[in-house]
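Peer 1: please find the sequence and the predicted model below.
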Amino acid sequence: MAFTDDVWQAAAGLRAAVHAHPFNQELAAGSLSRSAFAHYMIQDGLYLQGYARVLALGAAKAPAADEILAFSKAAEVAIVVERALHAGYLDQFGIDPRAAETATPTPACEAYVNFMLAIAVTDSFAVLAAAVLPCFWLYQDVGTAIAAKGAPGNFYQAWIDTYADENFAAATERMKGIVNAAAADAGPSERERMTAAFLRCAQHEWLFWDSAYHERDWPIKP
C-alpha cells in the first residue's frame, strides 16, 4: 500500500470523529449557529495565514521544481482563493475583514499553526509534506460527504462547494502524490515522523472544529 493509504487507515478513528462532530453535522443540516461559524471563519482566516507561510517554507525545502510549484501554488490558493470565501461570509456577518485578519488566534489555532511551523523549520521536506496533507484531505473528505447529504438552500453552501469542488479534489490528489513520493525515498525513522505528523495534524483539525463550535477563547487574558 501507498504511504497515504496507511496513514488514512491509521486515522480512521479520527476521521470518524471529524465527520461526527456537531460542527460538521450541523453545518450539513444548515443549523449551525451563525455565531459559531463566524468564530470559525475568523480563526480559519488566521490559520490560513500561518498555513500559507508553512507551505512557502515547504516550497523552499522542496527537492525539485514540481514540488516547488505545487507548494507555491497551494500557498497562493490559501491566501487568494479562500480569502474570497471568507470575505463573503464576513460581509454577511458585518465583520470588518481587516479586523478579522488582526484578531487574536485562539489556543487551538495558535497550537496548530505553531506545530506545523516547528516542523517546517526543524524537520525534513517529507515530514512537512505529511503535516500539511490533513488540511487538504480532511476538508476534501468532509466537503464531499456534506455535499452528498447537505440540506437544500443551505446558508453554508459556499463553504461546502469550495471543499467539494473537483479542483480542490485534484489539488488534494497532487499533494498525496508528493507525500507518497517523499515517503518512498524516506527511511524508516523519517516515515515514522511522517506518520506522527499526519496524525497529530488530523487531531489538530478536530480540535479546530471543536474550538469553533464551542467558541472557545483564551480562558485568562492579560
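Peer 2: Looks like it came in fine.

Peer 1: so the residue most central in space within the chain versus residue 173, what's the distance?
Peer 2: The C-alpha lying nearest the average C-alpha coordinate of the chain belongs to residue 135 (Cα atoms, centre = their mean; 2.6 Å). Taking Cβ to Cβ, to the nearest Å as the measure, residue 135 falls 14 Å from residue 173. Placement of C-beta: from N, CA and C, glycine included.

Peer 1: if I read this right, residue 44 contacts residue 86, doesn't it?
Peer 2: Yes: assessed by Cβ atoms under 8 Å, residue 44 is found in contact with residue 86 at 6.9 Å.

Peer 1: which one's more surrounded, these two?
Peer 2: residue 44 (22 against 19; other Cβ atoms under 10 Å).

Peer 1: how about that one, what does it touch?
Peer 2: Taking Cβ atoms under 8 Å, 6 or more residues apart in numbering, we find residue 44 in contact with 82, 86, 208, 212.

Peer 1: quick one: which of those is most hemmed in?
Peer 2: In the contacts of residue 44, the most neighbours by other Cβ under 10 Å go to residue 212, 24 neighbours.

Peer 1: next, count neighbours for the residue nearest to that residue when sequence neighbours are not counted.
Peer 2: Excluding the flanking residues, the one nearest residue 212 by Cβ to Cβ, 6 or more residues apart in numbering is residue 40, at 3.5 Å. By other Cβ under 10 Å, the residues close to residue 40 number 22.

Peer 1: in which helix or strand does residue 40 reside?
Peer 2: Using DSSP states H and E, residue 40 sits in helix 34-61.

Peer 1: I'd like the next helix or strand past that helix.
Peer 2: Remark: after helix 34-61, the chain's next helix or strand is helix 65-79, criterion DSSP H and E.

Peer 1: so which bits of that following helix are buried?
Peer 2: 67, 70, 71, 72, 74, 75, 77, 78 (16 or more other Cβ atoms under 10 Å).

Peer 1: give me phi/psi at residue 165?
Peer 2: Main-chain dihedrals, residue 165, degrees, to the nearest 10: phi -70, psi 140.
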